[in-house]
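> Turn this into a structure:
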Amino acid sequence: MASRFKKCINVILVFALIGIQPIDAFSRKDYERDEGYYHELCSGAKARDHQDECTGFTEYINEKLADSETLLRRIREQKDTVLEEIEDNNELLEVYQKEILVLKERVTEIQESIRMIEADVVETEAKIEVFEKKIKILEEKVKLNIRASQSSLYVNNYIEFVFGAADFVDLIRRMEGLTRIKQSNDGVVNELIEARKAFDEEKEHLLSQKEQMEAKEASVKKEEHDIKVYQMEVRDLIQSLMAKHQVLEDQSKEVQEKLSFENKLFLDLRNLPNENGFVRPLKSNYWVSTGTWHYAKGGRHMGVDLAHIDARVGMEILAPGSGIITGTQGGCPTYGSYPRGNCNGGWGNYLTMMFSVNGKVYGALFAHLEENSFKMSPGSVVRAGDVIANMGSSGLSSGPHLHLEIYYLGSDSIEAAYDRWDGNITFGTGGANWGNGWEKRCEMNNHDAPCRENPMKLFNYTYEAEY
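All right, here's what the predicted structure looks like:
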């Protein structure tokens, strides 16, 4: 969140105390050459002595805002171009879709052909089984006939059978009987030969059908692969076009949000007053429960603790100066505990801000706030005395109070200080026992920013006094 607002604040945090007058004394190149200088010059009391320069700088910033609007229009034109490209590619998509349909129909036809072949294979295998049984029966008949003829019709027996006839008629009858036996054997043999021939033909047909089925199955696999390839082409083309459109959609949204944010801050900040003193963070009915730098019973304390006289939560907390909310972190119940209240690192619900007083820039941390009590969100412009949250007892807290820390950030401008800020909630000054926080007290390092101020002195507080 910090990086986003940092970019925006660079553009518009310079308009306090500036009047609008048309001038031509300073060119755009002058402001582009040293933008930081003009940000500092036109953000404080010095602006009164440089009305012409600061008015020109205001117009320069307005031109930058107009450039953003031009960029937004260009992005929208590119979106229209991509939409036209999507329409132009519809013809190619239709070709792909038609080819996919043709391939699917072909696959269906081949699969139907395979089913017919499979049915024919089943029928052929049944025929072969019938022929196999018939051949076995005929082979047994032939074997029986051969054995019968071999056992009884040797040459001598044949002669005896023929010439043992009682008369000529009996002879003729015996000869005809032998002929019929021979013809019967020949018929069985011929039937066996035909059965074997049909069996071989069916076997050959079965082999041919199986080969056709394998070829068609291979064809189906290829056609299905081609379908997947075409489907991937269609998917990739659509995804590519939609991705281009989405990128431009995101850019458009980002620029639009930036413009809206800049315009809002421009209107809110151009009339911010230059504060000449600190506003105390609470109105009345509170006391200083813990002073700065040390706890009463020992140990370091880097801020000041302010508590309601009746130990209640909900007391309104005020902005000590005019500036901007830099961060909020909630999610903790209003009442924490001590020493185990570690929600949000012990800070509980907290808010940070930057503000300007007497031409100097400060950061502030307000901790142990009431749950869901933030009145501002990051990026909100605030004036001195605005209500920003409510007192609570969240996090590492033994009772309702506000823990307040103040940091000196420099004498240039909020914009410049914001540029230097890395998003740390103590503004680069560490803590009581980490990050050289103890050495970063302003009274110890000759006010070398960033450093920790003593809020007791800034707000003219006395330990255990009531206000």
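> what bridges to T328?
L351 (DSSP bridges).
> For it, which residues are in contact?
Neighbour list for T328: Y350, L351, T352, F374, M376, S377, P378 [criterion: C-beta atoms under 8 Å, 6 or more residues apart in numbering]. To be clear about C-beta, it is placed using only N, CA and C from the backbone, and glycine gets the same treatment.
> what pLDDT does it get?
Listed pLDDT for T328 reads 94.
> L17 too?
32.
> if I've got this straight, Y463 is in a strand?
No. Going by DSSP: H, G, I helix; E, B strand; the rest coil, the assignment for Y463 is coil, not a strand.
> Verify the stated contact: it with V288.
Yes. Using C-beta atoms under 8 Å, Y463 is in contact with V288, at 5.4 Å.
> Common neighbours of the two, please.
Listed as contacting both Y463 and V288 by C-beta under 8 Å, 6+ apart are M456.
> These two: who's more crowded?
Each of Y463 and V288 has its neighbours counted (other C-beta atoms under 10 Å); V288 has more, 21 against 14.
> With A319 as the reference, measure out to that one.
V288 sits 20 Å away from A319, taking C-beta to C-beta, to the nearest Å as the criterion.
> and if you look at Y338?
Relative to A319, and taking C-beta to C-beta, Y338 is found at 28 Å.
> Just want to know which of those two has more residues nearby.
A319 (26 against 12).
> could you check the distance from that one over to G392?
From A319 to G392 the distance is 17 Å (C-beta to C-beta).
> what's the answer for S284, then?
Taking C-beta to C-beta, one finds S284 at 19 Å from G392.
> Which one's more surrounded, the two?
Applying other C-beta under 10 Å to S284 and G392 shows that G392 carries more neighbours, namely 28 against 9.
> what bridges to that one?
What pairs with G392, by the bridge criterion (DSSP bridges), is H401.
> That one against N372, yeah?
No. With contacts counted by C-beta under 8 Å, G392 stays clear of N372, the gap being 9.8 Å.
> quick one: average confidence on stretch 344-353?
94.
> Could you list the residues in contact with stretch 277-284?
Residues from elsewhere that reach stretch 277-284 (C-beta under 8 Å, 6+ apart): 306, 315-321, 357-358, 366, 384-385, 391, 402, 404, 458-459, 467.
> Selecting buried members of these in PyMOL, what would you type?
A single PyMOL command selects the buried members of those (16 or more other C-beta atoms under 10 Å):
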select buried, resi 306+315+317+318+319+320+321+357+366+384+385+391+402+404+458+459+467
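> So which of the contacts of stretch 277-284 sit within helices?
Secondary structure assignment (DSSP state H) places L458 from those within helices.
> In strands only, show me the contacts of stretch 277-284.
Assignment to strands by DSSP state E places the following of the contacts of stretch 277-284 there: L306, E316, I317, L318, V357, F366, L402, L404.
> Pick out the most distant pair among these.
E316 and V357 (20.0 Å; C-beta to C-beta).
> For the contacts of T328, pick the one with the most neighbours.
Neighbour counts for the contacts of T328 (other C-beta under 10 Å) peak at L351, which has 27 neighbours.
> I figured that one was touching S377, is that so?
No. The criterion here is C-beta under 8 Å, and L351 misses it with S377 at 9.9 Å.
> list the residues that contact both of the two?
Contact criterion C-beta under 8 Å, 6+ apart; residues bridging L351 and S377 by contacting each: I325, T328.
> Quick one: the helices in this structure, in order.
Secondary structure of the chain (DSSP H): helices located at 2-12, 28-33, 35-41, 51-88, 90-152, 155-163, 168-269, 414-420, 455-458.
> Okay, domains of the protein per the record?
Listed by automatic domain parsing, the domain ranges of the chain are 2-88, 90-247, 286-458.
> ranking the ones you listed by mean pLDDT, which is last?
Minimum mean pLDDT among the domains of the chain: domain 2-88, a mean of 58.
> residue contacts, L396?
L396 touches G336, S337, Y338, P339, R340, G341, N342, G346, W347, G348, counting by C-beta under 8 Å, 6+ apart.
> what's Y350 in contact with, if anything?
Contacts of Y350 (C-beta under 8 Å, 6+ apart): T328, Q329, N344, L365, F366, A367, H368, L369, G395, I425.
> Please list all residues in contact with Y286.
With contact set as C-beta under 8 Å, 6+ apart, Y286 has these partners: L306, A307, H308, I309, M315, E466, Y467.
> who's in contact with the first one?
By that I understand L306. Listed by C-beta under 8 Å, 6+ apart, the contact set of L306 reads P281, L282, Y286, W287, V288, S289, M391, H401, L402, L404.
> So what sits opposite it in the bridge?
In this entry, L306 is beta-bridged to V288, L402, by DSSP bridges.
> any idea how far it lies from P281?
According to C-beta to C-beta, L306 and P281 sit 7 Å apart.
> what do you get for the fifth one?
Using C-beta to C-beta, one gets 10 Å for the distance from M315 to P281.
> show me the residues around R300 that make contact.
So R300 contacts W293, H294, A432, N433, W438 (C-beta under 8 Å, 6+ apart).
> which among those gets closest to D412?
The nearest member of the contacts of R300 to D412, counting by C-beta to C-beta, is W438 at 26.0 Å.
> Counting neighbours, what do you get for G428?
Once other C-beta under 10 Å is used to define contacts, G428 is seen to have 17 neighbours.
> Pretty sure it sits against G410.
No. When contacts are counted by C-beta under 8 Å, G428 is not listed as touching G410 (11.3 Å).
> Common neighbours of the two, please.
R420, P450.
> Run through who's touching stretch 432-440.
Stretch 432-440 is contacted by residues 299-302, 426, 429-431, 444-445, 450-452 when judged by C-beta under 8 Å, 6+ apart.
> Show me the two of those residues that sit farthest apart.
Taking C-beta to C-beta, no two of the contacts of stretch 432-440 sit farther apart than G299 and P450, at 23.3 Å.
> Please say which of these two ends up with more neighbours.
Using other C-beta under 10 Å, the more surrounded residue of G299 and P450 is P450, with 23 against 9.
> Give me the nearest residue to the more buried one, chain neighbours excluded.
Spatial nearest neighbour of P450, excluding adjacent residues (C-beta to C-beta, 6 or more residues apart in numbering): G428 at 4.6 Å.
> which residues does the one you found contact?
Shown in contact with G428 (C-beta under 8 Å, 6+ apart): R420, W421, D422, P450.
> same question, S289
D305, L306, A307, H401, E464.
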